[in-house]
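Asks: Pasting the sequence and the predicted coordinates here, then a few questions.
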Amino acid sequence: MRRLLLTAPLLLASLGAAAQLPLADSLALVRPRWLLGARLGVAASWYRADPAPDPAPGMRLGPAAGLRVGYYLAPNHGPRVWLVAEPSYEQRRLPAASQNSSYLALPLYLRTGLPTTTLHVLLGGGRAWRLGPVPGQPPFSDPLVFRSHDSFVLLGLEADVRHRHRRTLALSGWVRYGVSAAYEETRLAGSGTRYSSTAPRLVLVGLGLMPVWYR
């Protein structure tokens, strides 16, 4: 009993010191293996081709939302890099369409930095699939061949604006450039033969907020 009374003050003091530890500093004490998060923002998209497509759709603004899951590749040594997959929903305006078309994109990229790092670089690529039907085309126009999917490369930057325990809130900006054509415009030669004249690629620039949980 006497020994318990002597050790009780020491135990209470240690618990009090632990309770005063700021929650934000606890990120520095853990080495999580998994990253979970979401993205909510907007994206502007347009098409690039040489020569320019006809008709050429201008820049369009639409929602961009997704979920992300990442795995820390080297928790104890080596480069501080996460491998992240982020299935996302986005909208684009296709030529000869009066409304935006829905797409499912699946980027796979590397994300640098530890949970306590303020800036993170994103580098990777992925593929996007059209979810809706092919838009109708106006009469007496050159046929447009719409593709059901296209591939892209991705470059982004994230800046953490708030830390709390194992959660952070980041401001994210990203740029995607198509490495395959989103659609093709075909023309008729004098002999009646069709040939492809342009193969526009999508350019997409987005900005959004990303809550992140480390586990």
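Replies: Received it, and whenever you're ready, just let me know what you need. Residues are numbered from 1 along each chain as shown.
Asks: all contacts plus neighbour counts: C-alpha atoms, from now on.
Replies: Noted.
Asks: Pull the contacting residues for residue 117.
Replies: For residue 117, the contacting residues are residue 160, by C-alpha atoms under 8 Å, 6 or more residues apart in numbering.
Asks: In terms of helix, strand or coil, where does it fall?
Replies: coil (DSSP: H, G, I helix; E, B strand; the rest coil).
Asks: And the helices in this protein, which stretches?
Replies: Taking DSSP state H as the test, the helices found in the chain are 2-19.
Asks: lowest-confidence helix or strand of it?
Replies: Here the helix or strand of the chain ranked lowest by mean pLDDT, DSSP states H and E is helix 2-19, holding a mean of 40.
Asks: which stretches of this protein have low pLDDT?
Replies: By pLDDT under 70, the low-scoring segments of the chain are 1-31, 50-58, 75-78, 95-99, 135-143, 187-197.
Asks: need the strands for the chain, in chain order.
Replies: Counting by DSSP state E, the chain has strands at residues 34-48, 60-72, 81-85, 88-92, 101-112, 119-130, 144-146, 149-164, 167-178, 183-188, 194-198, 201-214.
Asks: Output those strands as JSON lines; include the columns mean neighbour count.
Replies: Shown next, in JSON lines, are the strands of the chain (neighbours: other C-alpha atoms under 10 Å):
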{"stretch": "strand 34-48", "mean neighbour count": "19"}
{"stretch": "strand 60-72", "mean neighbour count": "18"}
{"stretch": "strand 81-85", "mean neighbour count": "20"}
{"stretch": "strand 88-92", "mean neighbour count": "21"}
{"stretch": "strand 101-112", "mean neighbour count": "20"}
{"stretch": "strand 119-130", "mean neighbour count": "19"}
{"stretch": "strand 144-146", "mean neighbour count": "17"}
{"stretch": "strand 149-164", "mean neighbour count": "18"}
{"stretch": "strand 167-178", "mean neighbour count": "20"}
{"stretch": "strand 183-188", "mean neighbour count": "18"}
{"stretch": "strand 194-198", "mean neighbour count": "15"}
{"stretch": "strand 201-214", "mean neighbour count": "20"}
